[in-house]
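> quick one, fold the following:
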Amino acid sequence: MAEIGFIGLGNMGGPMAANLIHAGHKLKVFDLSQAAVARLAGAGAGAATSAADAAKGAEAIVTMLPAGQHVRDTYLGPQGLIAAAAAGSLLIDCSTVDVATAREVGAAATAAGHEMLDAPVSGGTGGAQAGTLTFMAGGSDTAFARAEPILSCMGKAVIHAGGPGNGQAAKLCNNMILGISMIGVSEAFVLAGKLGLSHRTLFDIASKSSGQCWSLTSYCPVPGPVPASPANREYAAGFTAAMMLKDLKLAQAASRDVSANTPLGAEAAALYALFESHGGGSLDFSAIFKFLSGKT
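As a prediction, the model looks like this:
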């Protein structure tokens, strides 16, 4: 089993690190929250005093950070992880950031003699806790081969998306699909209600027809048809509307960078921004149904 440094122990990173411990890996962890570090220390991890300290002696380093600037700050510069890690270390960034940041940091890691993957995840906090995340990994074949056994301890699927930055590209495209489809499903339920068609009836028909999609059958935005969906828990978040908005904004930035036409992605970003401005940011992203139906 590997000695792993893990930096970023929030709602996603904390459960991910715990699953690595449960799989038998030896972890040294760091987070700005001492309480988060203490929770993982109680589960058997070593407590680091800084990100650089977590990297000392580690064969692999995993990060789960909020945004691109945090990734650059953590990896780059004389006090960063690239400088602190031993030559030949495996660096795995599971944050969701812009493609340019992933490629910049990846190039710096390679120049320093390390292997690096950008490996963002899909599956939300529930997937992090259950160890059923999907990892989309960008980097070299050798980096992927080294990382796959580690990532498999935290997820049900580990997919090599290609070269550096392609993990982030896959994540942003996937979540743009998700954001758009959730709005479409929610609008259909709003219209059905206005036309006198029950939510249950629409679900029973659409789930067996051409309207079938994950946002309908696995994460239905109305209470009832899918018992495990957040709609049945008053939209307690598995993946917040604010997080969806972040990813949609990143997708739009990437679209502008490469002159890709993504008008529905732009409309989805605008609608989630409006939802957030009305106080919906902390709710699950499927609560966009409540917003569209005038219930928020």
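
> in this protein, what residue sits furthest out from the centroid?
Gly196 (37.4 Å; CA atoms, centre = their mean).

> so where do the helices sit in the stretch 151-296 of the chain?
With helices called from DSSP state H, counting those that start in this stretch, the stretch 151-296 of the chain shows them at 166-194, 199-206, 214-217, 241-258, 263-275, 288-292.

> to Ala147, which of the ones you listed lies closest?
Of all the helices of the stretch 151-296 of the chain, helix 166-194 sits nearest to Ala147, with 10.6 Å by CB to CB. Backbone N, C-alpha and C define where each C-beta goes, glycine included.

> mean confidence score for that closest one?
For helix 166-194, mean pLDDT is 97.

> and what of stretch 263-273?
98.

> C-alpha coordinates for that stretch, CSV please?
Extracted as CSV, the C-alpha positions of stretch 263-273 are listed here (Å, rounded to 0.1, in the frame of the first residue of the first chain):
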residue,chain,number,x,y,z
PRO,A,263,-25.8,28.5,-26.5
LEU,A,264,-27.7,26.1,-24.2
GLY,A,265,-24.7,26.0,-21.9
ALA,A,266,-24.7,29.8,-21.7
GLU,A,267,-28.5,29.8,-20.9
ALA,A,268,-28.0,27.2,-18.3
ALA,A,269,-25.3,29.2,-16.6
ALA,A,270,-27.4,32.4,-16.7
LEU,A,271,-30.4,30.5,-15.1
TYR,A,272,-28.3,29.0,-12.3
ALA,A,273,-26.8,32.4,-11.7
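
> which residues touch that stretch?
176, 179-180, 183, 241, 244-245, 248-249, 251-252, 255, 285, 288 (CB atoms under 8 Å, 6 or more residues apart in numbering).

> most neighbours among the residues you listed, which one?
Phe285 (31 neighbours; other CB atoms under 10 Å).

> my guess is that one meets Phe239, correct?
Yes - assessed by CB atoms under 8 Å, Phe285 is found in contact with Phe239 at 5.5 Å.

> columns distance to Ile159 on top of the contacts of stretch 263-273, output as a markdown table?
Below are the contacts of stretch 263-273 laid out as a markdown table (distance: CB to CB, whole Å):
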| residue | distance to Ile159 |
| --- | --- |
| Met176 | 17 |
| Gly179 | 20 |
| Ile180 | 21 |
| Ile183 | 26 |
| Ala241 | 26 |
| Met244 | 21 |
| Leu245 | 25 |
| Leu248 | 22 |
| Lys249 | 24 |
| Ala251 | 19 |
| Gln252 | 24 |
| Ser255 | 22 |
| Phe285 | 22 |
| Ile288 | 27 |
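
> contacts only, for Ala18.
Leu40, Ala43 are the contacts of Ala18 under CB under 8 Å, 6+ apart.
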